[in-house]
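1. sharing a model prediction with you, sequence too.
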Amino acid sequence: MIHERHRFGQYTGQWTLGLPDDELLPPTAVLTDLIARAHEVRRRAHVPVSGFRVGSALLAGSGRIFSGCNVEASNGTSICAERAALVAAVAEGENAFSAVASVADTPAPLAPCGQCRQHLSDFAPSMVVVMLTTRSSQYELARMSDLFPRPNFKGRQ
Ligand SMILES: [Zn+2]
């Protein structure tokens, strides 16, 4: 089911959620940089088992961008690109995030997996999620709270 708050489109140089809280979107230049970083890091994915490359870039509250790619072990276990970016950011002292972009060679724009949604939502439940595919300029935008409306826990227990 496609959530009504999702926005699909063809990238034309201007990003918009078309939502009342659009003013909370990072500036277009920042989102464009975020997306470029996701594409760039995807090339460094280590995927000896699946061959499925994912790149992700995370915009921290400080304005810094952290990128991550998926890394597989020979037994098929893996670390997702989104969580790789998150771990790198947290290790550098970041704990607030406003947007994440993910890209893969998929028929439709790639959405973060459930485990990554939980991790990202714990830090930034209303962050903007930019979903992309290498196959076209089609994209999908959503708030994390719409992709992941009911986290396992909310904040520290
Ligand atoms: Zn994931």
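-> That came through fine.

2. for the chain, what spans make up the helices?
-> 28-42, 81-91, 114-123, 144-147 (DSSP state H).

3. okay, the longest one in PDB with CA atoms only?
-> Read that as helix 28-42. Extracted in PDB, the C-alpha atoms of helix 28-42 (Å, rounded to 0.1, in the frame of the first residue of the first chain):
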ATOM      1  CA  THR A  28      17.600  21.900  -2.500                       C
ATOM      2  CA  ALA A  29      21.400  22.300  -2.800                       C
ATOM      3  CA  VAL A  30      21.900  20.300   0.400                       C
ATOM      4  CA  LEU A  31      19.500  17.500  -0.700                       C
ATOM      5  CA  THR A  32      21.200  17.400  -4.100                       C
ATOM      6  CA  ASP A  33      24.600  17.000  -2.400                       C
ATOM      7  CA  LEU A  34      23.100  14.300  -0.100                       C
ATOM      8  CA  ILE A  35      21.900  12.400  -3.200                       C
ATOM      9  CA  ALA A  36      25.200  12.700  -5.000                       C
ATOM     10  CA  ARG A  37      27.000  11.300  -1.900                       C
ATOM     11  CA  ALA A  38      24.600   8.300  -1.800                       C
ATOM     12  CA  HIS A  39      25.300   7.500  -5.500                       C
ATOM     13  CA  GLU A  40      29.000   7.900  -4.900                       C
ATOM     14  CA  VAL A  41      29.300   5.700  -1.900                       C
ATOM     15  CA  ARG A  42      27.200   3.000  -3.500                       C
END
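
4. out of the helices of the chain, deepest packed?
-> helix 81-91 (a mean of 21; mean count of other CB atoms under 10 Å). Backbone N, C-alpha and C define where each C-beta goes, glycine included.

5. relative to helix 28-42, how tilted is it?
-> Per axes from the mean of the first three to the mean of the last three CA atoms, to 10 degrees, the angle that helix 81-91 makes with helix 28-42 is 110 degrees.

6. just the pLDDT for the closest residue to residue 60 other than its chain neighbours.
-> Nearest residue to residue 60, sequence neighbours excluded (CB to CB, 6 or more residues apart in numbering): residue 94, at 4.1 Å. According to the prediction, residue 94 has pLDDT 97.
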